[in-house]
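In: need a structure here:
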Amino acid sequence: MTTTNFKPASSDELDFGRAKITQTDLDRVLELHDAFLKRRIGGVRANLKLRDLSYLDLNGRDLSEADLSGCKLFGCSLRGAKFSNANLFAADLRSSVMERAEFRRADLRGACLRGARMNDSIFIEADLRGGVMLRPGKDGELKQMPMGEGVGAELGAASAQRADMSRAKMSNAFILQTDLTDAVLCNVRFIRADLSYSNLTGATLEGADLTEANLSGAVLQGTVLSKACMMYTNLTDANLIGAILDSVDLSMADLTNASVVQRLGDLEASLREVVTAHIEWVATAGHQGRRADLSKHDLTGATLSGLKLSASNLSYSILKGVDLSKICLVMADLSFADLRDANLSNSDLRGINLYRATLTGAQLVGARLGPVEISGTTSTNWPSNLENARLIRANLTGADLRGVRLARADFSHADLRDADLRKAVLEDATLTNADLRGAKLEGANLRGVIGYSGE
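Out: Numbers count the residues shown, from 1 in each chain. Below you'll find the predicted structure:
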């Protein structure tokens, strides 16, 4: 068996024979394509193969099922456009703006999306694996078009915040230094993909296959990796503090210099000593004792009910299923903490920082999360911060949430009956299937709220 190595095309050769299309010509093609999608007489499927559409406006246009293989879409404006089932094989999408665009089941093999802005876009079941497009150069010799380098799709330095790429095929893809904050990547195949130095803060990779993937230097704070396959995954220098790793086997992964949480037994002092010193620190306004720092520790199984830990540091800690009922955590830092199924009923959480904390299934019945008054030359109210927190199926019956910062928090299926949400900031929060019977919402900021009709 023989293997033929093709020489990559130069920039000039890449555009050789690639016809430039004007906005007027494109609008006419899309008009006929729209008729095709609606199955009207005279409709024609858009064939833009190997065409140059650089910098044109496709905002809101429907190119579903269109052939855009090898197409140059450099710097195009694609906001809200639809490319479902479209052929974008080896397409050049560098620096394009495709926010809120839809690429369901699109063929993006070998495509180059370097520097593209894909925030809030949908790539469900899209194919971003390797692919090579060959075409004759000026000398008639077959040459390889350089986008994707024939190994995998390239998303380097792109921004894909909150993008939904569930079940996408991304094996061998290049996703270096890409911002995937809060992206949904459930069951994605990342086999041998390069995600080095990418930001996956708050992303959901449940069930993803990361076999032999490169995640060196990646930020995985608050990332959901439950049931992910991480066989021979490179996690060198990766930050896994705050990541959720249920049913994940890391025994075959390379964790050299990776940042991970510590066990409770790794504390320099016993938990009782830490709490005692903290109580003295609070009572003496910091002159004696020492502030409790339980950050980045796995506190599963600890006894914390009823303790006074105001202003303590519990950020990035694991408190899954822990009994924290009647605890006092006024102005404490629990950002990125894992509080799934924890019991925080009747707790004092005024002024607390729960930024990006995971409270799925947590009990917060009667919890006090309102502002804390700070006295000084002038009186100031310090609000609690639950921005980007996950409160899916949490029970907040009768909780005090006055003035709480809840932007982008997820309350899907949460119980908020009789909760006090007056003047709370719920901008872009999710309330899908939340029970709001008897809840007080006077003065609340509900801009962009998902799943709430206002009835």
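
In: Quick one: residues contacting residue 250.
Out: Residue 250 makes contact with 230, 235, according to Cβ atoms under 8 Å, 6 or more residues apart in numbering. (Glycine included, C-beta is placed from N, CA and C.)

In: if we go to 6 Å?
Out: residue 230 (Cβ atoms under 6 Å, 6 or more residues apart in numbering).

In: how near is it to residue 289?
Out: 37 Å (Cβ to Cβ, to the nearest Å).

In: ok, residue 404 to residue 355 distance?
Out: 12 Å.

In: Just want to know which of these two has more residues nearby.
Out: A count of neighbours by other Cβ atoms under 10 Å puts residue 404 above the other of residue 404 and residue 355, at 31 against 20.

In: you'd agree the more buried one is up against residue 384?
Out: Yes: between residue 404 and residue 384 there is a contact at 4.7 Å, judged by Cβ atoms under 6 Å.

In: shared neighbours of those two, anything?
Out: residue 369.

In: shaky segments in the stretch 101-250 of the chain?
Out: Filtered on pLDDT under 70, the stretch 101-250 of the chain yields the residue ranges 131-152.

In: can you pull out the strands in it?
Out: 134-136, 142-144 (DSSP state E, counting those that start in this stretch).

In: what do you get for the stretch 351-455 of the chain?
Out: Going by DSSP E, counting those that start in this stretch, the stretch 351-455 of the chain shows strands at 372-374, 380-382.

In: counting contacts, what elements does the last one pack onto?
Out: Translated: strand 380-382. Packing partners of strand 380-382 (3 or more Cβ pairs under 6 Å, 6 or more residues apart in numbering; DSSP states H and E): strand 372-374.

In: Could you give the separation of the strand it packs on from the chain centroid?
Out: In terms of Cα atoms, centre = their mean, to the nearest Å, the gap separating the centre of strand 372-374 from the centre of its chain is 33 Å.

In: Pull out the buried positions in it.
Out: Buried positions in strand 372-374, judged by neighbour count with 16 or more other Cβ atoms under 10 Å: residue 372.

In: And the contacts of the longest helix along the chain?
Out: For the chain, the helix reaching the highest residue count under DSSP state H is reported as helix 23-37. The contact list for helix 23-37 (Cβ under 6 Å, 6+ apart) reads 42, 43, 44, 45, 46, 56, 61.

In: go with 8 Å
Out: Applying Cβ under 8 Å, 6+ apart, the set of residues contacting helix 23-37 is 21, 41-46, 48, 53, 56-58, 61-66.

In: Can you tell me which of those residues are classed as buried?
Out: 21, 46, 48, 53, 56, 58, 61, 62, 63, 64, 65, 66.

In: okay if I get these as CSV plus pLDDT, secondary structure and distance to residue 294?
Out: Formatted as CSV, these follow (pLDDT from 0 to 100; DSSP: H, G, I helix; E, B strand; the rest coil; distance: Cβ to Cβ, whole Å):
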residue, pLDDT, secondary structure, distance to residue 294
21, 92, coil, 61
46, 96, coil, 59
48, 95, coil, 58
53, 96, coil, 55
56, 97, coil, 55
58, 97, coil, 52
61, 97, coil, 53
62, 98, strand, 53
63, 97, coil, 53
64, 98, coil, 52
65, 97, coil, 55
66, 97, coil, 55
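
In: Distance to residue 113 added to those, as TSV?
Out: Converted to TSV, those look like this (distance: Cβ to Cβ, whole Å):
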residue	distance to residue 113
21	21
46	20
48	17
53	15
56	17
58	15
61	18
62	20
63	16
64	19
65	20
66	17
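
In: Closest one of these to residue 311?
Out: The closest of the buried ones among the contacts of helix 23-37 to residue 311 turns out to be residue 58 (Cβ to Cβ; 52.3 Å).

In: For the closest one, give its distance to residue 86.
Out: From residue 58 to residue 86 the distance is 12 Å (Cβ to Cβ).

In: can you check residue 211 too?
Out: 29 Å.

In: more crowded one of the two?
Out: Shown here are residue 211 and residue 86; by other Cβ under 10 Å, residue 86 has more neighbours (28 against 18).

In: give me every residue that touches that one.
Out: Contacts for residue 86 were tallied using Cβ under 8 Å, 6+ apart; they are 63, 64, 65, 66, 67, 68, 103, 106, 107.

In: now, the most widely separated pair of those residues?
Out: 67 and 103 (14.7 Å).

In: quick one: which of the two has more around it?
Out: residue 103 (31 against 19).

In: ok, now which ones touch the more buried one?
Out: Residue 103 neighbours (Cβ under 8 Å, 6+ apart): 83, 84, 86, 88, 121, 122, 123, 126.

In: ok, 7 Å please
Out: By Cβ atoms under 7 Å, 6 or more residues apart in numbering, the residues touching residue 103 are 83, 121, 122, 123, 126.
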